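*Asks:* any chance you can model this:
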Amino acid sequence: MKAKHAQFCRAFALAAGLCAGGSGSVLAQDALLLGFLTSQSGPFVSLARTNEVAADIAIDEINAAGGVNGKRLRYIAFDTAGNPGQTVVGLRKLAEDDKVLAMIGPLSSSQVTVASAAGDRAGVVTMSMASSAPKLVAASKYAMRNTSDEGYMFERLMRTLKSKKIASATGAVAFANDDTISRTMGEKVLPALMKKAGVDVKLSVDFKMAAFDLSAQVAQLKATPTDLVGIGANPESAIKLVQEMRRQGHRGRLVAGTTIADPDLPARMGKEGEGTIIPSTFFADLNDRTKRFAAEFTRRAKAANLERTQASQFDASTYDIVQYYAWAMKEAKVTGDPKRLAEERTAIRAALGRMKGFPALEGAISFGADNDALKPIYIIEARKGKWALLDTHSASN
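*Replies:* Sure thing, here's the model as predicted:
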């Protein structure tokens with residue numbers, strides 16, 4: 001019912017952002033408020049539209065255990081449509097009008113670029129569940145990311161290829177040139193780390209994110225076949241690319257960062273995507289706790305008739321963001337008193353900076369000098385329509 005309630009609100013007011021998350025839909029005066037910069041449309045919507053399901057699970061668990069400092073925890077959602085300009089509008093509304101204590105999101109690196117500056121001006125913490133362009137919030141006073149940057153993760157993927165003796169002598173790169181993180185992956189992260197790992201990078205091709213036909217780009221890749229094809233784009237582009245590769249007879253293995261980390265991607269790619277390898281900060285079958293979360297997520301997603309019902313790493317990250325905020329509010333003894341709003345927002349940020357080895361869903365988490373989370377990395381491979389665990393790398397100190 002909570003996810004349906006959120007969908008109902010979004011359908012009628014894109015910019016209103018008045019939906020309350022967690023049990024019930026009416027904001028009580030005794031609640032501690034979070035803002036949620038959601039992305040219910042846009043280029044990464046397949047990764048974003050289920051994040052509220054995960055937030056609701058966390059909110060319900062926290063409130064069932066007594067809330068935070070004697071008060072219930074709530075969030076107010078604002079749909080940014082994945083648009084940077086709309087993200088700033090939402091942040092200002094939530095910070096100035098709704099007077100939230102901290103922000104969940106936004107999702108993408110292009111949104112984080114503007115939200116981090118706006119959040120610093122407002123004196124309120126923002127924490128992305130997905131943005132992973134390297135060092136994007138390193139200089140920010142309030143912005144944080146519950147993500148590890150793509151370089152950190154892809155370097156570990158390359159280590160796994162070497163340790164598992166997976167063919168990787170030659171490589172190529174294909175990327176969307178009209179999206180911040182995709183372009184960063186294609187121009188910087190993928191080629192640099194492939195070369196560092198000893199891969200001979202033969203060529204690079206680019207395309208528009210919304211491109212329907214990638215036959216010309218694949219023809220270039222086919223003319224110089226390689227063991228690996230690194231892709232910087234969204235899941236939909238990855239599907240189009242690998243299916244066209246197989247149609248033209250290119251047998252190279254697709255590798256990527258987390259921009260294509262859709263839990264349904266192996267099934268959506270079909271046999272053409274068999275063997276695709278990516279890094280992830282969440283693996284649903286890792287332990288009993290992750291399995292319970294995944295099961296509850298699926299139950300709620302099915303009840304809300306959502307298209308995707310498996311939890312992604314970005315859903316797990318959203319769940320953990322809510323848990324971090326609850327912990328930080330307890331540490332800072334936050335009261336929710338409007339007269340202490342600026343003081344308590346800053347106290348939340350300070351507490352998060354002190355957080356070490358938090359027992360999160362994704363693993364033991366701390367924040368590093370770049371304001372990014374230091375996480376275990378799970379290397380996963382597409383096998384028979386599912387992601388299978390190929391390797392695990394411990395979190396950095």
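*Asks:* the helix or strand encompassing Ala219 - contacts with which helices or strands?
*Replies:* Per DSSP states H and E: Ala219 is located in helix 215-223. If you count contacts as 3 or more C-beta pairs under 8 Å, 6 or more residues apart in numbering; DSSP states H and E, helix 215-223 packs onto strand 170-176, strand 200-207, helix 235-248. Placement of C-beta: from N, CA and C, glycine included.
*Asks:* which among the ones you listed is found nearest to Ala102?
*Replies:* Ala102 sits nearest to helix 235-248 of all these, at 28.9 Å, using C-beta to C-beta.
*Asks:* just name the most buried of the helices and strands packed on helix 215-223.
*Replies:* Most buried of the helices and strands packed on helix 215-223, by mean neighbour count (mean count of other C-beta atoms under 10 Å): strand 170-176, with a mean of 25.
*Asks:* what helices and strands are in contact with that one?
*Replies:* helix 180-184, helix 190-196, strand 200-207, helix 215-223, strand 228-232.
*Asks:* mind checking which of those is nearest Ala316?
*Replies:* helix 180-184 (19.0 Å).
*Asks:* need the residues that contact that closest one.
*Replies:* 108-110, 113, 131-134, 150, 175-177, 209, 232-234, 237, 259 (C-beta atoms under 8 Å, 6 or more residues apart in numbering).
*Asks:* restricting to C-alpha, output that helix in PDB.
*Replies:* What follows is helix 180-184, C-alpha atoms only, in PDB (Å, rounded to 0.1, in the frame of the first residue of the first chain):
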ATOM      1  CA  THR A 180      27.700  12.400 -17.300                       C
ATOM      2  CA  ILE A 181      28.600   9.100 -15.700                       C
ATOM      3  CA  SER A 182      28.400   7.200 -19.000                       C
ATOM      4  CA  ARG A 183      30.800   9.600 -20.700                       C
ATOM      5  CA  THR A 184      33.100   9.400 -17.600                       C
END
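*Asks:* that helix: which residues count as buried?
*Replies:* Within helix 180-184, the residues scored as buried using 16 or more other C-beta atoms under 10 Å are Thr180, Ile181, Ser182, Arg183, Thr184.
*Asks:* could you dump these to JSON lines with pLDDT?
*Replies:* What follows is these, written out as JSON lines (pLDDT from 0 to 100):
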{"residue": "Thr180", "pLDDT": "86"}
{"residue": "Ile181", "pLDDT": "87"}
{"residue": "Ser182", "pLDDT": "93"}
{"residue": "Arg183", "pLDDT": "95"}
{"residue": "Thr184", "pLDDT": "93"}
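*Asks:* ends of stretch 217-235, what's the gap?
*Replies:* Length of stretch 217-235, first residue to last, C-alpha to C-alpha, to the nearest Å: 17 Å.
*Asks:* can you mark which positions in it are buried?
*Replies:* Applying 16+ other C-beta under 10 Å to stretch 217-235 flags 217-218, 221-222, 226-235 as buried.
*Asks:* among those, pick out the one closest to Asp285, please.
*Replies:* Pro235 (20.5 Å).
*Asks:* what's the closest non-adjacent residue to the closest one?
*Replies:* Spatial nearest neighbour of Pro235, excluding adjacent residues (C-beta to C-beta, 6 or more residues apart in numbering): Asp262 at 4.2 Å.
*Asks:* which residue packs closest to Gly35, ignoring adjacent ones?
*Replies:* Ranked by C-beta to C-beta, 6+ apart and with sequence neighbours excluded, the top spatial neighbour of Gly35 is Leu94, at 3.4 Å.
*Asks:* these two touch, right, that neighbour and Ala77?
*Replies:* No - here Leu94 does not reach Ala77: they are 9.1 Å apart, not a contact under C-beta atoms under 8 Å.
*Asks:* identify the residues contacting the spatially most central residue of the chain.
*Replies:* Centroid check for the chain by C-alpha atoms, centre = their mean gives Ala130 as the closest residue, at 2.2 Å. Ala130 is in contact with Phe44, Leu47, Ala48, Leu107, Ser108, Thr147, Thr258, Phe314, Ser317, counting by C-beta under 8 Å, 6+ apart.
*Asks:* farthest pair in the buried residues of stretch 217-235?
*Replies:* Greatest spacing in these, by C-beta to C-beta: Asp227 and Asn234 (23.7 Å).
*Asks:* ranges for the helices of the stretch 1-150 of the chain?
*Replies:* 2-12, 45-48, 51-64, 84-92, 109-122, 150-163 (DSSP state H, counting those that start in this stretch).
*Asks:* want to try TSV for those helices, with distance to Thr335 and mean neighbour count as columns?
*Replies:* Conversion of the helices of the stretch 1-150 of the chain to TSV gives the following (distance: least, C-beta to C-beta, whole Å; neighbours: other C-beta atoms under 10 Å):
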stretch	distance to Thr335	mean neighbour count
helix 2-12	26	17
helix 45-48	32	22
helix 51-64	17	23
helix 84-92	23	20
helix 109-122	20	23
helix 150-163	37	20
